[in-house]
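J.: A structural model of the following input is requested.
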Amino acid sequence: MADMISKLPDSLISQILLFLPTTKEAVRTSVLSTRWKSLWLLIPKLDLDSSKFPDYNAFVSFMDKFIDFSREHKSCLHKLKLSIHKGESDQCCVTPWIDFVATTKLEHLDVEFGPVKLECLEVMPLSLFFVCDTLLYLRLHRVFLGKSESVSLPCLKKMRLEHNVYANEAVLESLISGCPVLEDLEIVRRVDDNVDVLRVRSQTLTSLSIAHGFNDDEEIEYECLRVLIDAHRLMYLNLDDDVAEVAILSNLDSLTKVNILGDFYMVNGADEVDLRDFFTSILGVRDMKISNDAYEPIMFHPMSESLQFCNLSCLEVEIYLCNLEEVPQLLKRCPNLKSLILDLLSSSRAEQTRLSFVPRCLLSSLEFVQIKSIFYGNPVIMELARYFAENSVILKRLVFRLKGSVEEDNILVLRDLLALPTRSSICKIEACRP
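T.: Presented below is the predicted three-dimensional model:
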């Protein structure tokens, strides 16, 4: 049978190879015939992992030859993804590669390094920040970002900055503000990143996530972060980090979803105006997830007593068993809540729960309740379950999600849970294993 594909022009074949999942699979096509030997080099994307090569030097040699070929044939690389694992004595490698691809029509850049000592982090070349004007997506993992007089990434919409070190706070602030159309920003910090105050200023940002990652050196003490946010179009805010102070510098009327999953102190210099501004800024959210560490500062701080989350539809919260009697007061703050997930945590304090007050949402809006627990035989759990079953007028589902294995002795407890009488005629009670 004639090989009709090989008769196609090089440009068309390279587009066909582009649909293969990885560069490795594209390279394998070179065994088909001499016609295919170098066609993979014309593909406008490159995805390589240095650990797949015989050694680090072989990886560097391969990349150097690829760059030389691309330069000679004036080919344009649209996507470059590199996962690099190197030893302390291995040479730095990425600067000439990024200097080249930054001048092409690069749209997607993903550079990841494996764990190395702080002094061995590779420095990103300055060309990345003011030459690469077609870049849409940028991910940098475990690199060093030095001082730059200016940053200009006019097309960048998504940026992931993970476990990086910055020359100072101004470098990170300049990088963020130098992306005039940035929409999605995710920052995973490391302890020694040289950032004490994270300033996020953007007129286009809609999604912001800040998390704390593990440091390569576990002996370094972690300090809480201060965050200043000036992004009036923000719709999603995720703080999966220990935050000492949050200052909102713009109106967040567009904010619809908030996750606060780390310790949330709101102290160390945050005055009453700062607190009031923060609580006011999140009043319009429709979806909220908060950890136990953030639960009390956000929901029961004196500055928030008069505030109500009238738009809140979905709430997920961690709470200790000994604090379950606060649940009705929490729900009082959410008059139109439709979905509630309670993740129950053990506590050393005595557990006594009397739930009598019935907030408005149980009478008019609450449709779904999920209780995550490993304490099947605890009478407090039964009291909480009975509270929702007997008082929720339009409840559709009451779900118990078991976070551990179910012992035979607890089967009777599960049977009692499933047999609870319900005020809502359409309510279904379910028990789900992990």
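
J.: going forward, measure contacts between C-alpha atoms and count neighbours the same way
T.: Fine.

J.: would you say residue 62 is within a strand?
T.: No - applying DSSP: H, G, I helix; E, B strand; the rest coil, one finds residue 62 to be helix, outside a strand.

J.: and the pLDDT at it?
T.: Predicted confidence (pLDDT) for residue 62: 85.

J.: neighbours around it, how many?
T.: 14 (other CA atoms under 10 Å).

J.: contacting residues for the residue nearest to residue 168 when sequence neighbours are not counted?
T.: In space, and not counting its chain neighbours, residue 168 is closest to residue 194: 5.5 Å by CA to CA, 6 or more residues apart in numbering. Residue 194 sits next to 165, 166, 167, 168, 169 when contact means CA atoms under 8 Å, 6 or more residues apart in numbering.

J.: again, but for residue 63
T.: Taking CA under 8 Å, 6+ apart as the test, what residue 63 contacts is residue 97.

J.: circling back to that earlier point, what about the residue nearest to residue 168, which SS state?
T.: With three-state DSSP as the basis, residue 194 sits in coil.

J.: and the strands in the stretch 251-400 of the chain?
T.: 257-260, 287-290, 314-320, 339-345, 368-373, 397-402 (DSSP state E, counting those that start in this stretch).

J.: nearest to residue 121, of those strands?
T.: Shortest separation from residue 121 across those is recorded for strand 257-260, at 30.6 Å, computed as CA to CA.

J.: within its sheet, name the partner strands of that closest one and how each one runs.
T.: Partner strands for strand 257-260, per DSSP bridges, with pairing direction: strand 236-240 (parallel), strand 287-290 (parallel).

J.: ok, of those, where does mean pLDDT dip lowest?
T.: strand 236-240 (a mean of 90).

J.: report the distance from it to the chain centre.
T.: Relative to the chain's own centre, strand 236-240 is displaced by 7 Å; criterion: CA atoms, centre = their mean, to the nearest Å.

J.: ok, now stretch 280-300?
T.: 18 Å.

J.: quote the end-to-end distance of that stretch.
T.: End-to-end distance for stretch 280-300, by CA to CA, to the nearest Å: 14 Å.

J.: hmm, who's touching that stretch?
T.: Counting by CA under 8 Å, 6+ apart, 248, 251-266, 279, 304-305, 307-320, 330 sit against stretch 280-300.

J.: how about it: buried residues?
T.: 280-295, 297-299 (16 or more other CA atoms under 10 Å).

J.: and residue 379, how far from residue 143?
T.: From residue 379 across to residue 143, the span is 52 Å (CA to CA).

J.: oh, that last question was meant for residue 120, not what I typed.
T.: For residue 120, the distance to residue 143 equals 9 Å [CA to CA].

J.: between the two, which is the more surrounded one?
T.: Neighbour count, other CA under 10 Å: between residue 120 and residue 143, residue 143 has more, with 23 against 17.

J.: the more buried one and residue 192, how far apart?
T.: From residue 143 over to residue 192 (counting by CA to CA), the distance is 12 Å.

J.: ditto for residue 414
T.: Distance, residue 414 to residue 192, by CA to CA: 48 Å.

J.: residue 356 now?
T.: 49 Å.

J.: out of these two, which sits in the busier spot?
T.: Taking neighbours as other CA under 10 Å, residue 356 and residue 192 compare with residue 192 leading, 19 against 10.
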